[in-house]
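1. Sequence first, predicted coordinates after that:
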Amino acid sequence: MSTTQSSDTEAPIEETAQVEVPAQYRRSAAPAALKMIIELKNVTKTFTRGSETLTVLDGLTLDVPEGSFEALMGPSGSGKSTLLNLIAGLDRPTSGAAQVAGADLMKMSDGDLATFRSRHIGFIFQAYNLMPVLTALENVELPLLLTKVSSSERRKRAQTALRVVGLEDRMGHYPRQLSGGQEQRVAIARAIVNDPTIIVADEPTGDLDRKAADDILTLLTKLNTEFKKTILMVTHDPAAAERATMTRHLDKGKLGA
Ligand code: ADP
Ligand code: MG
């Protein structure tokens with residue numbers, strides 16, 4: 001495998017915050033000459049149930065330039081979550097070629113995939129998926145328990161991530177003491193605490209009211225423009241898709257523009 005990122009002692013998020021982002025990244029699709037961070041070619045994914053085979057992704061090809069913020073739309077059951085899971089290394093394609101952040105997902109062992117995920121992927125879920133018995137700070141520290149980062153450094157990075165999402169005054173709160181929008185902010189802090197290359201978000205605003213959803217979208221936009229995270233977001237909300245630099249549509253296992 002050939003993941004590109006460095007050791008566990010890389011710079012915290014804060015230090016990369018001030019980099020100016022070229023205008024073309026902000027509002028329009030990035031030019032084709034840019035480096036592709038996700039490259040899927042002819043990817044299929046089938047699930048077998050008893051004697052039945054269900055083809056969910058059917059020869060799908062996708063190139064995502066580094067630094068883009070893309071929305072993925074499509075009917076329920078069209079394979080959006082399946083596609084995100086493949087890109088995030090949570091599942092594997094049945095066939096095809098899949099390169100993400102320099103790693104060949106088809107050739108990696110389960111252990112390699114776990115390392116790939118912890119270095120490159122921040123995952124945000126619709127239902128936040130926080131641990132109810134842990135505080136906001138402890139939830140955000142969780143991904144770092146899989147790394148060699150010391151406990152004091154862990155705390156420092158989690159505090160930084162919570163500051164980035166605007167929750168510096170809620171670090172000791174438990175999920176039940178937070179609003180839905182705040183819970184999703186904690187989940188986003190958890191997703192960025194490893195300083196991932198790519199953020200994948202599966203309907204991140206699906207459980208939120210308009211105001212909270214807009215705040216989350218503003219935060220994702222900031223992570224894209226200021227922190228240069230590549231973002232792939234599944235959404236049903238046209239207003240959410242509007243905030244992305246481009247929207248793709250998945251239907252019958254294939255992508256259209
Ligand atoms: P979407 O996110 O677009 O609503 P999904 O990717 O969740 O769609 O699911 C696409 C199809 O794949 C559905 O028919 C679903 O039932 C099926 N599917 C998803 N995951 C599995 C699985 N682990 N085993 C069997 N079938 C699955
Ligand atoms: Mg889904």
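-> Thanks, I have the structure now. Ligands and ions are numbered 1, 2, ... in the order given.

2. how many neighbours does the closest residue to ligand 2 within the stretch 101-250 of the chain have?
-> Evaluated by C-beta to the ion, the stretch 101-250 of the chain has residue 202 as its residue closest to ligand 2, separated by 5.9 Å. C-beta here means a position set from N, CA and C on the backbone, and glycine is covered the same way. Neighbour count for residue 202, taken as other C-beta atoms under 10 Å: 21.

3. cool, and residue 215?
-> Neighbour tally, residue 215, other C-beta under 10 Å: 18.

4. So which residues make contact with the helix or strand in which it is found?
-> Element membership of residue 215, judged by DSSP states H and E, is helix 210-225. When contacts are defined by C-beta atoms under 8 Å, 6 or more residues apart in numbering, helix 210-225 is touched by residues 21, 25-26, 67-69, 164-166, 179-181, 184-185, 188, 192, 199, 201, 204-205, 208, 229-231, 233, 237, 239-240, 243, 245.

5. Please apply the same query to stretch 124-135.
-> The set of residues external to stretch 124-135 that reach it, using C-beta under 8 Å, 6+ apart, is 138-139, 142, 171-176, 180, 183-184, 186-188, 190-191, 199-204, 206-207.

6. List the residues that contact the residue of the stretch 101-250 of the chain closest to ligand 2.
-> Contacts of residue 202 (C-beta under 8 Å, 6+ apart): 80-81, 84, 123-126, 234.

7. just the strands in the stretch 51-200 of the chain please.
-> 52-65, 69-73, 95-100, 103-104, 121-124, 198-202 (DSSP state E, counting those that start in this stretch).
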